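>>> Sequence first, predicted coordinates after that:
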Amino acid sequence: MKQVIVLALVAGLAASCKKDGAPIPPKFPDSKDPEMIYTDLQNRELKFQQSQLIDLNQDQHPDIGFSTWYIGDPIEKEDEVLFFAGSYLHSQLLVGESNNSPIFQQGDAIPVKNYPGMEWYHSAQVEMVYKNTPETGMPYWEGAWKNVSHKYLAIQVTREGKRYNGWIEVSFDTAGERLILHKSAISKVPEKAIIAGR
């Protein structure tokens with residue numbers, strides 16, 4: 001009997017791997033998590049003057065973009081390079097008053113409705129990290145995402161008036177001046193909260 005269970009588990013795990021080799025966590029009958037679409041982003045890097053587009057639901061249309069802007073500030077006498085994420089007309093990001101977004105830890109629930117102090121916005125921009133280079137002195141980094149390692153940015157995609165929750169797993173490397181995109185996932189079930197990282 002034990003051999004049958006082990007063989008069934010091995011077969012289930014083998015069947016749960018996508019063609020691109022990204023493993024999909026197995027779903028058990030008692031799981032309350034919605035079925036997800038997972039994408040291995042293969043540690044894509046975003047550096048200055050680059051951009052990355054991600055299609056979470058694999059419909060051949062990008063759902064979120066990551067890019068950088070150069071900002072010259074003559075008043076403060078410093079230059080800034082901003083790393084940011086942007087949503088589209090059919091996608092939303094959680095955004096606060098300072099154009100920030102919550103940093104979700106693995107295991108945190110990502111809500112369908114608004115998060116405390118934040119709202120879901122279409123065509124939004126989330127400011128993640130700044131590199132400041134003053135006229136005199138050493139460059140320095142600012143922004144809530146400057147020291148993150150394998151944390152999660154929440155996103156929603158709207159199709160036919162229904163919202164599908166998703167996440168992007170990101171890290172930021174100040175020494176290498178790069179945002180790293182590890183994985184993404186989006187629910188196949190609309191109007192349902194999901195858990196970051198699974």
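Here it is on my side, so go on. Numbers count the residues shown, from 1 in each chain.
>>> by contact count, what packs against the helix or strand Tyr130 falls within?
Assigned by DSSP states H and E, Tyr130 belongs to strand 125-134. Where contact means 3 or more CB pairs under 8 Å, 6 or more residues apart in numbering; DSSP states H and E, strand 125-134 is packed against strand 78-87, strand 91-95, strand 140-142. C-beta here means a position set from N, CA and C on the backbone, and glycine is covered the same way.
>>> Which residues are in contact with the residue most central in space within the chain?
Nearest to the geometric centre of the chain sits Ile168, at 2.0 Å (CA atoms, centre = their mean). By CB atoms under 8 Å, 6 or more residues apart in numbering, the contact set of Ile168 is Leu41, Ile54, Leu56, Ile64, Ala85, Tyr152, Leu153, Ile155, Leu181, Lys183, Ser184.
>>> Quick one: mean pLDDT for stretch 66-84?
If you average the pLDDT over stretch 66-84, you get 92.
>>> on that earlier part again, please point out which parts of the helix or strand containing the residue nearest to the centre of the chain sit buried.
Under the criterion of DSSP H and E, Ile168 resides in strand 162-173. For strand 162-173, burial by neighbour count (16 or more other CB atoms under 10 Å) applies to Arg163, Tyr164, Asn165, Gly166, Trp167, Ile168, Glu169, Val170, Ser171, Phe172.
>>> quick check, distance from it to the centre of its chain.
2 Å (CA atoms, centre = their mean, to the nearest Å).
>>> Stretch 92-100 too?
Stretch 92-100 sits 14 Å away from the centroid of its parent chain (CA atoms, centre = their mean).
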